[in-house]
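> Return atomic coordinates for the entry below.
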Amino acid sequence: MPRSEAQRLQDMREACERIAGFINGMDFAAFQVDQRTVRAVLYDLVVLGEAAKGVSSDTRERSPQVRWKAVAGMKDVATHQYHGIMLDLVWETASVSVPQLLRSLQSVR
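Presented below is the predicted three-dimensional model:
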């Protein structure tokens, strides 16, 4: 059964919260050697992107504070560039962009 838009938005919020939990207390040096955390973050970046791609164009237009294309694009990087993912980009996304995204998503309904 397809996910509703409200469910997709909730999926995005929960993925952001999980990513924050995964990297809590870490710096980049610790992150890059912790394969379990790297893979968990990558998975939730895929969840974020897939959910974002299912959000209606109407909602995207009403919520320009969310960088919808960037969220979807990171999913594409995680899935299509899996063999050469730059961990510094993943770290930057997880530690900077994801908290910003979560704040932006709080006002999206």
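> Kindly indicate whether Val47 is helix, strand or coil.
helix (DSSP: H, G, I helix; E, B strand; the rest coil).
> That one against Ala15, yeah?
Yes: proximity of Val47 to Ala15 meets the contact threshold set by C-beta atoms under 8 Å, at 4.4 Å. For the C-beta atoms, the positions are set from N, CA and C on the backbone; glycine is no exception.
> When the two are compared, which one has more neighbours?
When neighbours are counted by other C-beta atoms under 10 Å, Val47 and Ala15 differ, and Ala15 comes out ahead with 25 against 20.
> Would you check that the more buried one makes contact with Ala52?
No: the criterion here is C-beta under 8 Å, and Ala15 misses it with Ala52 at 9.9 Å.
> could you pull out the helices for the protein?
With helices called from DSSP state H, the chain shows them at 5-23, 28-33, 35-53, 57-62, 68-80, 87-92, 98-105.
> Any chance of a markdown table for those helices, columns mean pLDDT?
Shown next, in a markdown table, are those (pLDDT from 0 to 100):
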| stretch | mean pLDDT |
| --- | --- |
| helix 5-23 | 97 |
| helix 28-33 | 98 |
| helix 35-53 | 96 |
| helix 57-62 | 95 |
| helix 68-80 | 89 |
| helix 87-92 | 94 |
| helix 98-105 | 96 |
